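when you get a sec, could you give me coordinates for this:
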Amino acid sequence: MFRKIPTVTKNLLIINFLVFIATMVLEMRGIYLNSIGGLHFFMANDFHLIQFITYQFLHGGFEHILLNMFALWMFGVVVENVWGPKKFLFYYISCGIGAGLFQELVQWLTMVCFPDMQTQVELVGGGSTMIPYTEYLLHVSNTVGASGAVYAILLAFGMIFPNERIFIFPLPVPIKAKWFVCGYAALELFFALNSSGDGVAHTAHLGGMLFGFLMIRYWNRHPDSSYNRSGGQAFFDNLKRNFEKRQGGNRHMHVEPGSGTKEADMEYNARKKQNQDEIDAILDKIRKSGYDSLSKEDKQKLFEASRNS
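Okay, here's the model as predicted:
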C-alpha cells in the first residue's frame, strides 16, 4: 500500500498510538487506563456502557497494538477508499461494539451453562492459579484492543474483493482473499473452543466478523440505506471518472498518427463511446468478481486505455 492513507484510517492509527503512549505514561504514575476503560463483564461493579467504545482504543502491549494497527493500515486503506469515510467509520465502531457485545454474551452463557467451571489466571508475582469462572468475570475479566473491529475490516476486504490474491507469510504462494478470511475465522473458532487462559479474546474477534458480515449483507440487500450511498462502488466509479477525464481532452478533433488528416466529429465520438462502453463493462466486472475474473483481452484493453489516456 503506497497510496495516501485516507482520513479515517489515518486518524484511527494516530489515536490508537497516542492512547497507547498515554497508557504507558500514566501507568508509571499509578493510573491504569486499561483497567478504567477496558470492557468489564456487565455484571461487575466497574462496568460502564462507555467501555464498549473506550476498550477499542486500548491495548495490552506493543506487539498487540503493532499487529492490530498493521492490519488496520493494510486493509483499512482499501476498504475506506471503496466505502468512503462516513460509512467506513460507522462500520468500524459498530463492529467494535458488536464484538464487545458478543464477548459479553458468550461469557454470560458460559457462566450460566457451566456454573462450577474454573479458569486459570496469571498471578502478578508470577505463576498461575485456578479460580471459579464467576469470580473471574466479576473481578478479573477485562477486554482491550481494536481486534474485533480490525477483524471486521479484514472480513469486509474479503467480501469486497473475494478473488484478490494476497501474500501471507509464511505461505509461499498468494491466496485469494475469501480463503484467507475463511481460514482466519476457522482458526479463531478453533482457539475459542479449545484454548483457555491464553489472554486472547477469540470470541470478540469472531463477534466483530459476525457483526461485519451481517451489516454488509444488510447493506447489499438495502442499497438505499443511509450508510450505503456509495453502494461499495466509489472506488471503481473514481476509476471510471479518471478514464473519462483523461480521454475527454480533445472531444471534437482527433489526429490519426502519421495520417495528417482530421477525423470527423461524429465518427470519432462514436468510436470513443464504444471504447468507453467496453471499459465500463470491464470495470463493472472487476467490481463484481475481482480483477482475476478478467480475460487476457480485457486486461490488455484496460492496460491500453490507461496507457493511451
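
CA atoms for contacts and neighbours, from now on please.
Will do.

which residue ranges of the stretch 51-200 of the chain form strands?
Along the stretch 51-200 of the chain, the segments classed as strands by DSSP state E, counting those that start in this stretch run 118-122, 128-132, 165-166, 175-176.

now the helices for the chain?
7-27, 33-37, 51-54, 62-83, 85-113, 133-139, 147-160, 177-194, 202-221, 234-247, 265-289, 296-308 (DSSP state H).

any idea which of those helices gets closest to residue 122?
Among those, helix 133-139 comes nearest to residue 122, with 11.3 Å by C-alpha to C-alpha.

circling back: any chance of the strands of the stretch 51-200 of the chain in JSON lines, plus distance to residue 100 and mean pLDDT?
JSON lines is the format used below for those (distance: least, C-alpha to C-alpha, whole Å; pLDDT from 0 to 100):
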{"stretch": "strand 118-122", "distance to residue 100": "20", "mean pLDDT": "80"}
{"stretch": "strand 128-132", "distance to residue 100": "22", "mean pLDDT": "84"}
{"stretch": "strand 165-166", "distance to residue 100": "29", "mean pLDDT": "80"}
{"stretch": "strand 175-176", "distance to residue 100": "29", "mean pLDDT": "84"}
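
related to what we said a few turns ago, could the helices of the chain go into JSON lines alongside mean pLDDT?
Below are the helices of the chain laid out as JSON lines (pLDDT from 0 to 100):
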{"stretch": "helix 7-27", "mean pLDDT": "96"}
{"stretch": "helix 33-37", "mean pLDDT": "95"}
{"stretch": "helix 51-54", "mean pLDDT": "97"}
{"stretch": "helix 62-83", "mean pLDDT": "92"}
{"stretch": "helix 85-113", "mean pLDDT": "95"}
{"stretch": "helix 133-139", "mean pLDDT": "91"}
{"stretch": "helix 147-160", "mean pLDDT": "94"}
{"stretch": "helix 177-194", "mean pLDDT": "82"}
{"stretch": "helix 202-221", "mean pLDDT": "92"}
{"stretch": "helix 234-247", "mean pLDDT": "53"}
{"stretch": "helix 265-289", "mean pLDDT": "69"}
{"stretch": "helix 296-308", "mean pLDDT": "63"}
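
of all these, which one is nearest residue 168?
When the helices of the chain are compared by C-alpha to C-alpha, helix 177-194 sits nearest residue 168, at 8.5 Å.

per-residue pLDDT, residue 127?
You'll see residue 127 listed with a pLDDT of 73.

number of nearby residues for it?
Residue 127 has 8 neighbours, counted by other C-alpha atoms under 10 Å.

from residue 139, how far off is it?
Remark: distance between residue 127 and residue 139 (C-alpha to C-alpha, to the nearest Å) = 18 Å.

what of residue 38?
Using C-alpha to C-alpha, we find residue 38 at a distance of 13 Å from residue 139.
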